[in-house]
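Asker: need coordinates for the following:
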Amino acid sequence: MKVRDILIIVVVVILIIAGFCVYKINSSKEVIENNNTEQENFVLEGNAIDVPEVEREIPESEYGRNINKVNLEVDIGSLTRTGTKLIITDTNETAYFWGPGFKLQVKNNDKWEDVPLLTTVAFDSNKYELDENSQTIEEIDWTEAYGELGAGTYRIVKPQNDNGYLELYSNEFIFE
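Answerer: Numbers count the residues shown, from 1 in each chain. Below is the predicted model:
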């Protein structure tokens with residue numbers, strides 16, 4: 001084999017390796033961009049998500065988070081038929097991403113069902129910071145999405161994406 005043939009083979013191999021590296025880098029960027037887009041904006045669209053009830057015994061995520069270290073408590077003193085304050089306590093070392101996304105569920109014959117939406121609601125990508133007590137208080141006004149709530153037993157659902165889709169639930173509250 002001549003030196004020229006060896007050089008051509010080396011150049012072709014280098015070009016193939018470089019092309020593969022560029023492809024992998026671009027693929028990684030797309031995955032990161034897609035993940036960021038999914039986490040930044042949460043949109044409720046006509047109860048389109050049909051996810052089975054999640055058991056409370058979820059293994060810790062790759063970030064060491066566990067839903068058993070989270071408490072979502074409706075501030076009963078602020079509760080009205082159009083909104084409430086939700087006290088979020090997250091004692092995980094690496095807290096979940098807490099933002100304005102939520103949905104409401106109503107108990108129907110001991111089974112939780114999503115409250116039907118009146119309109120599609122887009123939530124911005126604001127992130128709530130936890131205070132020194134690992135808490136944040138979110139003021140929720142659900143009139144645009146759900147209107148005034150009628151009689152029933154309700155709870156607030158906060159979605160999370162951590163080792164898959166998770167739903168975290170508040171305490172129940174009742175309107176008579």
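Asker: for this structure, what spans make up the strands?
Answerer: Here the chain has its strands, by DSSP state E, at 42-44, 70-74, 83-90, 103-108, 111-114, 121-123, 135-141, 152-161, 165-169, 173-175.
Asker: which of those strands sits closest to Ile6?
Answerer: Proximity to Ile6, assessed across the strands of the chain by Cβ to Cβ, is greatest for strand 152-161 (51.1 Å). Where you see a C-beta, it was placed from the backbone N, CA and C, and this is true even at glycine.
Asker: what's that closest one packed up against?
Answerer: The elements that strand 152-161 packs onto, with contact taken as 3 or more Cβ pairs under 8 Å, 6 or more residues apart in numbering; DSSP states H and E, are strand 70-74, strand 83-90, strand 103-108, strand 165-169, strand 173-175.
Asker: partner strands of it and their direction?
Answerer: Strand pairing for strand 152-161, determined by DSSP bridges: strand 103-108 (antiparallel), strand 165-169 (antiparallel), strand 173-175 (antiparallel).
Asker: follow-up on the earlier one: just put the strands of the chain in CSV and tack on distance to Val11 and mean pLDDT.
Answerer: CSV is the format used below for those (distance: least, Cβ to Cβ, whole Å; pLDDT from 0 to 100):
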stretch, distance to Val11, mean pLDDT
strand 42-44, 49, 41
strand 70-74, 56, 96
strand 83-90, 55, 96
strand 103-108, 57, 96
strand 111-114, 60, 96
strand 121-123, 51, 78
strand 135-141, 58, 95
strand 152-161, 44, 93
strand 165-169, 48, 90
strand 173-175, 70, 95
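Asker: out of these, nearest to Phe97?
Answerer: Minimum separation from Phe97 across those (Cβ to Cβ) falls at strand 152-161, 7.3 Å.
Asker: quick one: contacts for Trp85?
Answerer: Residue 85: Lys, not Trp. Lys85 sits next to Val74, Asp75, Ser78, Ile137, Glu138, Glu139, Ile140 when contact means Cβ atoms under 8 Å, 6 or more residues apart in numbering.
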